[in-house]
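sequence unknown, structure follows:
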C-alpha cells in the first residue's frame with residue numbers, strides 16, 4: 001500500500017487554492033484599475049466639455065460686445081453724431097446668467113488711455129510722447145527713467161540693447177511697436193509692482209492713433225502740458241462724465257476738437273502767441289474711438305474664466321474685428337482696469 005498518495009493530493013489542493021486566490025487578486029486589481037481609469041476618463045471628458053463650453057461661451061460674449069459696438073457706430077452714423085463718450089451704453093457692465101454660467105461683459109475705450117507706442121519713431125512726435133510718459137510716471141510716483149528706457153527699447157540699434165543681451169535668459173529689444181501693455185514688463189526698470197500701478201492708464205495702439213477727448217482720463221490729459229494740473233484735467237473731463245449712466249449723451253460731450261480747444265484752460269495753453277512751444281496740436285485728438293478692449297468673465301462650478309480681447313472698429317470701412325485675444329488674465333482684472341472711465345464722478 002502506497003501511503004504517500006493523500007499528502008500529494010493535499011499539497012496539490014493547497015497550491016491550487018493559492019493560484020485561485022492569486023488570480024482573484026489580479027482580476028480585482030485589474031477591475032479596480034479599469035474602474036479608476038474610467039472615472040478619470042469621465043472626469044477628464046467632463047472637464048474638457050466644461051472648458052470647451054466656457055471657451056465657446058466667452059467667444060460668443062465677445063461677439064455680443066462687437067455687435068453692441070457695431071450698433072453704436074451705425075446709430076452714430078445715422079444720427080450724424082460721430083462721437084464716443086462715457087454716456088454710451090457700451091460703457092455699462094452687462095451681466096447675465098446662461099445655463100449655470102454667470103457672465104459679465106465690460107468694454108473699455110482704449111483711446112482714452114496713454115499710448116505707449118507714442119514713443120516709437122513711427123509716432124508723429126516721439127519726443128512729446130517721451131515727455132508725457134515721464135510726467136505720467138512721476139504723477140504715479142514711479143521712476144521716470146522708465147520712459148527713457150522705453151524710448152531706447154523702440155530705437156533701432158540702441159546701445160541699451162546690450163543690457164538685455166546680457167540678461168539670463170538673454171533677449172533683445174523689439175524695436176517695433178508693442179501689441180499689448182504687458183510687453184512693458186520686458187523694459188528695464190519695470191517691476192511687476194510698477195506695472196500694476198500704471199496698467200490702468202496705458203494702452204498699446206498704432207503709433208498714429210488719436211486720443212479721444214471725450215473718454216480721455218484726467219491723469220492722461222494732465223501729461224499733455226506741464227502747465228496743466230490734475231484739477232484742471234478733471235474739470236475738462238467732467239463734462240463728458242454725466243451724472244446718470246447712459247443719459248445726456250447729446251450734451252455731455254465735446255462734439256468737435258475745436259470745442260475742446262476753446263475750453264479753459266486749453267484755450268490759453270494752446271495759444272501760440274502766448275506759448276510758442278505749445279504741445280497742443282488739434283491733429284492729436286478726435287471725438288470718436290476705433291479701439292476697445294473687452295473683458296468677459298465667466299463663473300461656473302467655483303471656477304472663473306477671463307477673456308480679454310482687443311477690438312478694432314473701423315467706421316470708414318464698416319469693419320469690426322478682434323485683433324488680440326488672451327485667456328491668461330486673472331479673475332478680477334476687469335474690476336481694476338475697465339471702469340477707469342466711469343460715467344458720473346471719477347474715483
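Yes, it's here. All of these numbers come straight from a predicted model, not from anything done at the bench.

what about the strands in this protein?
In the chain, the strands defined using DSSP state E lie at 94-98, 101-109, 114-115, 202-203, 211-212, 285-286, 291-300, 303-314, 319-326.

identify whichever of the ones you listed lies nearest to residue 167.
Between residue 167 and the strands of the chain, the shortest gap by Cβ to Cβ is with strand 202-203, which sits at 23.2 Å. Every residue, glycine included, has its C-beta placed from N, CA and C.

identify whichever of the strands of the chain lies nearest to residue 52.
Proximity to residue 52 (Cβ to Cβ) singles out strand 303-314 among the strands of the chain, at 11.4 Å.

may I see the buried residues of that closest one?
The neighbour-count criterion (16 or more other Cβ atoms under 10 Å) identifies 305, 306, 307, 308, 309, 310, 311, 312, 313 as the buried residues of strand 303-314.

related to what we said a few turns ago, and the strands of the chain as CSV, adding distance to residue 180?
Formatted as CSV, the entries for those read as follows, by distance: least, Cβ to Cβ, whole Å:
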stretch, distance to residue 180
strand 94-98, 24
strand 101-109, 14
strand 114-115, 13
strand 202-203, 9
strand 211-212, 19
strand 285-286, 22
strand 291-300, 10
strand 303-314, 8
strand 319-326, 6
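
lowest average confidence across these, which one?
Ranked by mean pLDDT, the strands of the chain bottom out at strand 94-98, with a mean of 88.

helices or strands up against that one?
Applying 3 or more Cβ pairs under 8 Å, 6 or more residues apart in numbering; DSSP states H and E, one finds that strand 94-98 makes contact with strand 101-109.

how about the strand it packs on: buried residues?
Going by neighbour count (16+ other Cβ under 10 Å), the buried part of strand 101-109 is 101, 103, 104, 105, 106, 107, 108, 109.

next one: stretch 204-218
Going by 16+ other Cβ under 10 Å, stretch 204-218 has these buried residues: 204-205, 207, 209-218.

how far off centre is it?
For stretch 204-218, the separation from the chain centroid amounts to 16 Å (computed by Cα atoms, centre = their mean, to the nearest Å).

that stretch: end-to-end distance?
18 Å (Cα to Cα, to the nearest Å).

cool, and stretch 264-275?
Using Cα to Cα, the gap from the first to the last residue of stretch 264-275 comes to 15 Å.

got it, and stretch 296-309?
Across its full length, stretch 296-309 reaches 8 Å between end residues, using Cα to Cα.

residues in contact with that stretch: which ones?
Contacting residues not belonging to stretch 296-309 are listed as 50, 54-55, 57-59, 61-62, 65, 100-106, 293-295, 322, 324-327, 329-331, 333-334 [Cβ atoms under 8 Å, 6 or more residues apart in numbering].

show me which of those are buried.
Among those, those classed as buried by 16+ other Cβ under 10 Å are 50, 54, 57-58, 61-62, 65, 101, 103-106, 293-295, 329, 333-334.

so where's the stretch 201-347 of the chain shaky on pLDDT?
In the prediction, the stretch 201-347 of the chain carries residues with pLDDT under 70 at positions 244, 246, 333-341, 344-347.

what segments of it are helices?
Listed in chain order, the helices found in the stretch 201-347 of the chain under DSSP state H, counting those that start in this stretch are 218-221, 230-238, 257-261, 266-269, 333-337.

which of the ones you listed is buried the deepest?
helix 218-221 (a mean of 22; mean count of other Cβ atoms under 10 Å).

quick one: list the elements packing against it.
Taking 3+ Cβ pairs under 8 Å, 6+ apart as contact, the helices and strands that helix 218-221 lies on are helix 126-139, helix 230-238.

number of residues surrounding the closest residue to residue 312 other than its chain neighbours?
Distances taken as Cβ to Cβ, 6 or more residues apart in numbering put residue 323 closest to residue 312, at 5.2 Å, once the chain neighbours are dropped. Residue 323 has 10 neighbours, counted by other Cβ atoms under 10 Å.

how far away is residue 153 from residue 163?
For residue 153, the distance to residue 163 equals 11 Å [Cβ to Cβ, to the nearest Å].

appreciated, that's everything.
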